[in-house]
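Requesting a structural model of the entry that follows:
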Amino acid sequence: MYKHIPNVLTVLRIFLVPFFPIAYFSDSPNNTRNALIIFIIAGLTDILDGYLARHFNLITKVGTVLDPLADKLMLLTAVYTLFFAGDLHYIFPLIITAKEVFMILGGIFLYFKKEKSVIPANKIGKTGTVLYSLAVFITVIFPGSPASWISIFLAIIVKLIAIATYAVHYRKHVRNV
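Predicted coordinates for the structure are as follows:
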C-alpha cells in the first residue's frame, strides 16, 4: 500500500496541471492566487514524493517516468499560461521548450542504442528548473516587475548552460556508443 504513495502524489501533480491555466484565466477575483496555490501544491507534492521514494526506497519504473513528466507538464503549462497572458516574453517558453525537446529526442536516441542509456539529470539542469519555478512564482505575484524580469533572466541563463552541458554529455556518449 505505502509503496504507491509517491506515484499517487505524482499522478495528483499531473491531474493538477490543467487547473493552473483554468484558475489563472478565470474571472475569479482571486484567479492568480488560486493558480499560485495549485502551483505550490504541485511543487510540494513533487518534493514529498521524491523524499518518500528515496528515503523509503520506493523508487519504481513508473515513478521514474511519471515524475519528470509531471514536472515538465506543470512547468511548461505555467510558462505558456503566463506567456499567453502577456506576462512573459516569448523567449522564456521558447528556451524551456527547446531544452525539453532536446532532452526527449536525445534520450530516445540514446535509449534505443545498444546500451539503453539516458542523459542523467545534473545539478545545473535541476538548478535551472528550480529557477524557472521561482520565476513563475514571482511572475504570478509580481508580473512585469524588476524581480520578475531578474528571475526570468537568471533562469534563462542557467537553462542555456544546462542545455550546453547536456549537449556535451550527449555528444561524448554518442561517440562511445
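
Poorly predicted segments of this protein, please.
For the chain, the stretches flagged by pLDDT under 70 are 1, 114-120, 173-177.

quick one, helices of it?
For the chain, the helices defined by DSSP state H cover 5-16, 19-24, 31-55, 61-84, 91-111, 123-141, 146-176.

who touches P6 in this structure?
Neighbouring residues of P6 by C-beta atoms under 8 Å, 6 or more residues apart in numbering: 49-50, 52-53, 58-60, 63, 67. Yep, even glycine has a C-beta here, placed from its N, CA and C like the rest.

can you pick the most crowded of those residues?
D49 (24 neighbours; other C-beta atoms under 10 Å).

Now do the same contact list for that one.
Taking C-beta under 8 Å, 6+ apart, we find D49 in contact with 5-7, 9-10, 13, 63, 67.

Name the nearest residue to T139, ignoring sequence neighbours.
Counting by C-beta to C-beta, 6 or more residues apart in numbering, T139 lies nearest to S148, which is 4.5 Å off, once chain neighbours are set aside.

How many neighbouring residues does the closest residue to V11 other than its chain neighbours have?
The spatially closest residue to V11, leaving aside those adjacent along the chain, is L66, at 7.0 Å (C-beta to C-beta, 6+ apart). Residues near L66, counting by other C-beta under 10 Å, number 20.

ok, so what distance separates L66 from V136?
21 Å (C-beta to C-beta, to the nearest Å).

how about stretch 38-46: buried residues?
38-39, 42-43, 45-46 (16 or more other C-beta atoms under 10 Å).
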